[in-house]
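Participant: Predicted model follows, preceded by the sequence.
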Amino acid sequence: MVVSSWPVRLRSGRENAPGVAVIAIDLALAVVATMALAAAWVRPASALPALPTLAPAAWPGGPKVASQAAAALATGVVSQGAPPRLFGAVVVNGHERTGQGHVAFTFDDGPSAGTTPRILATLAQHEGPAAFFVCDYQIDGDSAGKRANARALDAVIAAGHLVGNHTYKHTHLGTASVPLAWNAVARNERLIEPHLGGATHLFRPPYGLLSPLADRLLADLGYTIVRWSIDPDDYRPRSPTEVRDRVLRDIFSRGGGVVLLHDTKPWTAKALPMILSGLERENCRRIARGEEPILPVSLDYFATDAAGAAMPVPPEVEAQTQRTRAALDRRCEARRSSDRPAHRPRQPTISPAIPSESQPATRPD
């Protein structure tokens, strides 16, 4: 799998501040009015597409809200470097590849030391990519549990899966003010960055909801918004078989999509092997019939630009997809071999002995 480098950095000069002061400092940044409107972003024109300008008229709520947003955005710096994967995509909804034989698996709310490693092991067994949208209150602290969760996040990154921002503690951004949205996003980003070695540039809104203010803030920060098209409601307690059936039903009926799952739920960790095995079984049937399979792929395959056109898939991601397909072909051949009846050598026909005249037949007792 491919580990991406993301050039966007969120820095505010508070990395060395005491933990108890972080929230207060973040909120204070959002109250400072129009001190840095002109120089809010440093962006090398040769490296990155231009980010939206912070015109007050473009902001819902008018100049006052635009001033609050400017104060928050003034702490953002776009560093130099090549555009990251998915940079420039506006939104991923999961409907972009409906019926085209692609499915992307995504996991929210982790990392969790109790379940995330099991999910990673299942993904590795099937050689499939995934994306994890993390809430870093899970790793914020020095307790044994927080450290274990942090190691789980490192394992996600080491496996090459995409990592996205899901706010610090699953903040509802449907009605959030600019200061609240900024704190929820930036605080989470600051905790992810040391592990990832860069900013995520991917954002999944909790509950899939964004207020116009939060939506504009995330756009100006350069995030790609990632939603979903298949949701088995696994955040509720369910049996693993129920989660499996809901996911596979929608994958097969829609011909693919973006699947929303939660790597913090034990029933999801138990369901994932059944989901991927069921998908593989159906894919093997399709291949045997000469049809294309529904292949697990990266979110790159669902990214579109502002005009709704599909963005090009990076060569290294396409190469990974080809490796996934080759691995599927090998496993399908192994399945066909195991399904064939075992070959048994034909036994020679032995004619019953005919007693000679001088040797009478033995009479059964």
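Facilitator: Great, that's in hand.

Participant: H172: how many residues sit nearby?
Facilitator: When neighbours are defined as other CB atoms under 10 Å, H172 has 16 of them. No exception for glycine: its C-beta is placed from N, CA and C like everyone else's.

Participant: doesn't S211 make contact with it?
Facilitator: No: if you go by CB atoms under 8 Å, H172 and S211 don't touch, sitting 9.4 Å apart.

Participant: what do those two both touch?
Facilitator: Common neighbours of H172 and S211, counting by CB atoms under 8 Å, 6 or more residues apart in numbering, are absent.

Participant: buried residues in stretch 176-196?
Facilitator: Buried positions in stretch 176-196, judged by neighbour count with 16 or more other CB atoms under 10 Å: 176-193, 195-196.

Participant: Could you export it as PDB, CA atoms only?
Facilitator: Taking C-alpha atoms only, stretch 176-196 is exported to PDB below (Å, rounded to 0.1, in the frame of the first residue of the first chain):
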ATOM      1  CA  ALA A 176     -21.200  24.800  14.900                       C
ATOM      2  CA  SER A 177     -19.800  28.300  15.100                       C
ATOM      3  CA  VAL A 178     -16.500  29.200  13.500                       C
ATOM      4  CA  PRO A 179     -14.500  29.100  16.800                       C
ATOM      5  CA  LEU A 180     -16.000  25.700  17.700                       C
ATOM      6  CA  ALA A 181     -15.400  24.200  14.300                       C
ATOM      7  CA  TRP A 182     -11.900  25.600  14.200                       C
ATOM      8  CA  ASN A 183     -11.000  24.100  17.600                       C
ATOM      9  CA  ALA A 184     -12.500  20.700  16.800                       C
ATOM     10  CA  VAL A 185     -10.700  20.400  13.500                       C
ATOM     11  CA  ALA A 186      -7.300  22.100  14.300                       C
ATOM     12  CA  ARG A 187      -6.900  20.400  17.700                       C
ATOM     13  CA  ASN A 188      -7.400  17.000  16.000                       C
ATOM     14  CA  GLU A 189      -5.000  17.900  13.200                       C
ATOM     15  CA  ARG A 190      -2.300  18.900  15.600                       C
ATOM     16  CA  LEU A 191      -2.400  15.500  17.300                       C
ATOM     17  CA  ILE A 192      -2.500  13.500  14.000                       C
ATOM     18  CA  GLU A 193       0.400  15.300  12.400                       C
ATOM     19  CA  PRO A 194       3.300  14.000  14.500                       C
ATOM     20  CA  HIS A 195       2.200  10.400  13.700                       C
ATOM     21  CA  LEU A 196       1.400  11.000  10.000                       C
END
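
Participant: Pairing partners for G164 in the sheet, please.
Facilitator: Going by DSSP bridges, G164 is paired in beta bridges with F133.

Participant: err, L295, not the other one
Facilitator: H102.

Participant: Let me see the contact set for it.
Facilitator: 101-103, 283, 321, 324-325, 328.

Participant: What number of residues are in the vicinity of A155?
Facilitator: 16.

Participant: wait, isn't it in contact with R118?
Facilitator: No: A155 lies out of contact with R118 (CB under 8 Å); the separation is 11.0 Å.

Participant: So what's the model's average confidence on stretch 132-149?
Facilitator: The pLDDT scores in stretch 132-149 average 97.

Participant: now for it, what's the gap between its first and last residues?
Facilitator: Length of stretch 132-149, first residue to last, CA to CA, to the nearest Å: 13 Å.

Participant: If you count neighbours, what's buried in that stretch?
Facilitator: Buried residues in stretch 132-149 (16+ other CB under 10 Å): 132-140, 146, 148-149.

Participant: so can I have JSON lines of these showing secondary structure?
Facilitator: Below are these laid out as JSON lines (DSSP: H, G, I helix; E, B strand; the rest coil):
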{"residue": "F132", "secondary structure": "strand"}
{"residue": "F133", "secondary structure": "strand"}
{"residue": "V134", "secondary structure": "strand"}
{"residue": "C135", "secondary structure": "coil"}
{"residue": "D136", "secondary structure": "helix"}
{"residue": "Y137", "secondary structure": "helix"}
{"residue": "Q138", "secondary structure": "helix"}
{"residue": "I139", "secondary structure": "coil"}
{"residue": "D140", "secondary structure": "coil"}
{"residue": "K146", "secondary structure": "helix"}
{"residue": "A148", "secondary structure": "helix"}
{"residue": "N149", "secondary structure": "helix"}
